[in-house]
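Chemist: model the following, please.
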Amino acid sequence: GSSDASSVHMKSLEQKMAIFNVSSDSPLYKDVKTMASQLADCSEQLAAREKDVLSKDELIRQYESEIKTMREQVSTLYKDHIEQQKQEAADAAATATATAADGGTKASPKKSCKESSADNDTANDTEQLQLLK
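Modeler: Okay, the predicted model is just below:
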C-alpha cells in the first residue's frame, strides 16, 4: 500500500537527485529526502481524512433523509388524527340530533364535555400540523 508508494517515490527521488549530480551524502539530498518523506506522509493523512469526511457526509445525508421521512410520517399521523377527531365530532353531533328528533330522551341538545374537548383537540392538532409545515 503506502510503503510501496513511498519506496517507489524515494527511488524516483534518488534518480532525479543523481541527474543533478547531488550525492546521497550531501545536506541538500538529506533535506530533500526528509521533505519528500514528510510530503508523502501528509498526503496519506490527507487522503485518510478525506475518506473520513466522505463517510461522515454520507451518514449525514442518510440521517437527513430519515428525518424527512419521519416528518412526513408525523404530518400524516396528525392529518389522520384531525380527520378522525372531526369524524367523531360529526358522528356525535348526528347522534345528538337524531336523539333530539326522537323526543330528546336520550341526549340533550348541548354538546357533551367529551364533544367540546374533541373540538378543542382538533383545533390544537391543526395548529400543531401548521407548525410542522
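Chemist: quick one: mean pLDDT over the longest helix along the chain.
Modeler: Among the segments of the chain that qualify as a helix by DSSP state H, the longest is helix 27-101. Averaged across helix 27-101, the pLDDT comes to 94.
Chemist: who are the packing partners of it?
Modeler: helix 2-19, helix 113-132 (3 or more CB pairs under 8 Å, 6 or more residues apart in numbering; DSSP states H and E). In short, each C-beta sits where N, CA and C put it, glycine included.
Chemist: least reliable of these by average pLDDT, please.
Modeler: helix 113-132 (a mean of 63).
Chemist: just give me the neighbour total for the nearest residue to Ser23 once chain neighbours are set aside.
Modeler: Distances taken as CB to CB, 6 or more residues apart in numbering place Tyr29 nearest to Ser23, at 6.5 Å, with adjacent residues excluded. Counted with other CB atoms under 10 Å, residues neighbouring Tyr29 total 17.
Chemist: so Tyr29 makes contact with Ala18?
Modeler: No: Tyr29 is beyond contact range of Ala18, at 9.7 Å (criterion: CB atoms under 8 Å).
Chemist: distance of the most centrally placed residue in the chain from Thr97?
Modeler: For the chain, Glu64 is the residue whose C-alpha lies nearest the centre (CA atoms, centre = their mean; 1.9 Å). Noted for Glu64: a distance of 49 Å to Thr97, by CB to CB, to the nearest Å.
Chemist: what's the answer for Lys68, then?
Modeler: 43 Å.
Chemist: what do you get for Lys16?
Modeler: 97 Å.
Chemist: likewise for Leu54?
Modeler: 65 Å.
Chemist: same thing with Val8?
Modeler: Distance from Val8 to Thr97, by CB to CB: 90 Å.
Chemist: quick one: buried residues of stretch 29-44?
Modeler: Neighbour-count burial for stretch 29-44, counted by 16 or more other CB atoms under 10 Å, picks out Tyr29, Val32, Ala36, Ala40.
Chemist: and for the third one, nearest residue in space, chain neighbours not counted?
Modeler: By the measure of CB to CB, 6+ apart, the closest residue to Ala36 outside its immediate chain neighbours is Leu13, 5.3 Å from it.
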